[in-house]
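A.B. asks: generate a structure from the sequence data that follows.
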Amino acid sequence: VRERYANVQKDLQELLSGISIIKAFSREKHTAIRMVRSTKEAVRKEVKLNILSALAGISSTVISAAGPLVLIWYGCAEIMRGYLTVGGLVAFNSFIRYLFGPTQALMNINFSVQRSLAACQRIFEMLDLQPEVKEKKEAVEPGRLKGDVVLQDVSFSYDSGDRILDGVSLRARPGQIVALVGTSGVGKTTLVSLIPRFYDPEQGRVLIDGTDIRDMRLRSLRDNIGIVSQETFLFSSTVRENIRFGRLGATDQEVTEAARLAQAHEFITRLPEGYDTQIGERGVKLSGGQRQRIAIARAILRNPSILILDEATSNLDSESERAIQQALRPLMKNRTTFVIAHRLSTVLDADKIVVLDGGKVVAQGKHSELYQSCPVYRRLYDEQFLNPRIEEEIPIQQQPSASEVTPVESVEEFDHGYLLSLEE
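C.D. replies: Here you go, the predicted model:
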């Protein structure tokens, strides 16, 4: 029953989160049927459990009532035979009442205990989970890191067993901007997830300032790292509190300055209550670009030694992207920065571009070097910058004069003629 209700809650959360997709594909009826089926199954299990509970209660009541009757019938027979006295029968009757009362109460309690045990089992399953990333007892406090990041022959795979990273080695010196490029699924995000120890590599090691990160305290390590991911997460709070989440002790002035650097101050001041505006669950009251800029401001306020930008400008328009790139450029001078971007125009000026393919580093260097020596990088660049535009492939015909235009009698005739011209 608990599992069925958990499925109902999961389905409900999915439907509410994806309500816009459901409306866009006109799947209201389909999702409603799915929700009804899930709820019916949970209710069916609940009814079955209640029936069993009621039957057990009735059974215990019948037994409790039948016990004294059987005792009196048997006791009277024994009295008539002279084997039992009336006082003995009364004593036995009192004893059996004391026996059946607690027994019936225990049977009723048993069902409540079983319900609680089912819930406790699911809770303890979560409590018994062991973290995959464990901190050593003798781990050291690294303090403020310089940001010299080295990956030595790192290999990693998820539960599926397929190697996501295979023998990756690279170095990012303090203050360097390192761009990771490649097609989707080659392990760019997985690689940067190893730096804050979200995962540990199966082989190889990750060093920062010459120290294996497995020898550092997790909290101190992550205090030196700022992350802006492609999936922006904001809390159901005010704009100010979401930015201050990067550094809880920051003043209002520091929060405002971080917002200015992230090009977010202007739109924040236009909100109904400015920095004190409630943004709703996961920032639902803001646009995608606005949420992304608040996430960038949160990372700026953290002032980390190592900055990870995982498609940080993916939800921004070209103008906002250029403004944020200009704001981030001076901030990246004094910290090691890893940039993941599918749009190569945002990483052409990086100090080092690392090309990943098939989970391996196939090349690294400057843009000019890679374009000449790396076929994978050249293909990625040509696909984005050198593909001919559609407008250039289709010759633009000279517009006809007014006298050459054939009038149409209806919208339907116009649509049909227009479609025929597109087919030609």
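
A.B. asks: which helix or which strand is home to the closest residue to residue 84 other than its chain neighbours?
C.D. replies: In this structure, residue 84 finds its nearest non-sequential neighbour in residue 78, 3.8 Å apart by C-beta to C-beta, 6 or more residues apart in numbering. Just so you know, the C-beta spots here come from the backbone N, C-alpha and C atoms, and that holds for glycine as well. Secondary structure from DSSP states H and E places residue 78 in helix 28-81.

A.B. asks: and the angle for the helix or strand that that helix is followed by with helix 28-81?
C.D. replies: Going down the chain from helix 28-81, the next helix or strand is helix 86-127, by DSSP H and E. Counting by axes from the mean of the first three to the mean of the last three C-alpha atoms, to 10 degrees, helix 86-127 lies at 160 degrees to helix 28-81.

A.B. asks: ok, then the element right after helix 86-127?
C.D. replies: Assigned by DSSP H and E, the successor of helix 86-127 is strand 149-157.

A.B. asks: hey, C-alpha coordinates of that next one in PDB?
C.D. replies: Provided in PDB are the C-alpha atoms of strand 149-157 (Å, rounded to 0.1, in the frame of the first residue of the first chain):
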ATOM      1  CA  VAL A 149      43.900  21.100 -11.300                       C
ATOM      2  CA  VAL A 150      45.400  17.900 -12.600                       C
ATOM      3  CA  LEU A 151      43.600  14.800 -13.900                       C
ATOM      4  CA  GLN A 152      45.900  11.800 -14.100                       C
ATOM      5  CA  ASP A 153      44.700   8.900 -16.300                       C
ATOM      6  CA  VAL A 154      41.200   9.200 -15.000                       C
ATOM      7  CA  SER A 155      38.600   6.500 -16.000                       C
ATOM      8  CA  PHE A 156      34.900   6.500 -14.900                       C
ATOM      9  CA  SER A 157      31.700   4.700 -15.600                       C
END
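
A.B. asks: which other helices and strands contact the helix holding residue 78?
C.D. replies: On a contact count with 3 or more C-beta pairs under 8 Å, 6 or more residues apart in numbering; DSSP states H and E, helix 28-81 meets helix 2-17, helix 86-127.

A.B. asks: who wins for proximity to residue 241 among those helices?
C.D. replies: Residue 241 sits nearest to helix 2-17 of all those, at 22.6 Å, using C-beta to C-beta.

A.B. asks: mind listing what's buried along the next helix or strand after the closest one?
C.D. replies: From helix 2-17 onward toward the C-terminus, using DSSP H and E, the following helix or strand is helix 19-24. Neighbour-count burial for helix 19-24, with 16 or more other C-beta atoms under 10 Å as criterion, is recorded at residue 22.

A.B. asks: name the residues that touch helix 19-24?
C.D. replies: If you take C-beta atoms under 8 Å, 6 or more residues apart in numbering as the criterion, helix 19-24 is touched by 15, 28, 31.

A.B. asks: quick check: mean pLDDT across stretch 125-132?
C.D. replies: Within the predicted structure, the mean pLDDT of stretch 125-132 is 80.

A.B. asks: what about it, start to end distance?
C.D. replies: Start-to-end span of stretch 125-132 (C-alpha to C-alpha, to the nearest Å) is 15 Å.

A.B. asks: quick one: residue 348 and residue 367 touch, right?
C.D. replies: Yes - using C-beta atoms under 8 Å, residue 348 makes contact with residue 367 at a distance of 5.0 Å.

A.B. asks: middle-most residue in the protein, spatially?
C.D. replies: Geometric centre of the chain, nearest residue: residue 231, 7.8 Å, by C-alpha atoms, centre = their mean.

A.B. asks: how about that one, secondary structure?
C.D. replies: The three-state assignment at residue 231 reads coil, by DSSP: H, G, I helix; E, B strand; the rest coil.

A.B. asks: what are the structural domain limits within the protein?
C.D. replies: Following automatic domain parsing, the chain resolves into domains at 2-127, 149-385.

A.B. asks: including distance to residue 141, could those domains go into a markdown table?
C.D. replies: As requested, the domains of the chain are arranged in a markdown table below (distance: least, C-beta to C-beta, whole Å):
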| stretch | distance to residue 141 |
| --- | --- |
| domain 2-127 | 29 |
| domain 149-385 | 5 |
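
A.B. asks: tell me which of those domains sits nearest to residue 143.
C.D. replies: Here domain 149-385 is closest among these (C-beta to C-beta), at 7.3 Å.

A.B. asks: mind checking the end-to-end distance for that closest one?
C.D. replies: From its first residue to its last, domain 149-385 covers 31 Å (C-alpha to C-alpha).

A.B. asks: all further residue positions should be reported with the first residue as 23.
C.D. replies: Understood, numbering begins at 23; the last thing we discussed is domain 171-407.

A.B. asks: distance between it and the chain's centre?
C.D. replies: The chain centre lies 16 Å from the centre of domain 171-407; the measure is C-alpha atoms, centre = their mean, to the nearest Å.

A.B. asks: pLDDT (mean, whole number) over it?
C.D. replies: On average, domain 171-407 scores 84.

A.B. asks: related to what we said a few turns ago, please list only the buried members of the contacts of helix 41-46.
C.D. replies: 37, 53.
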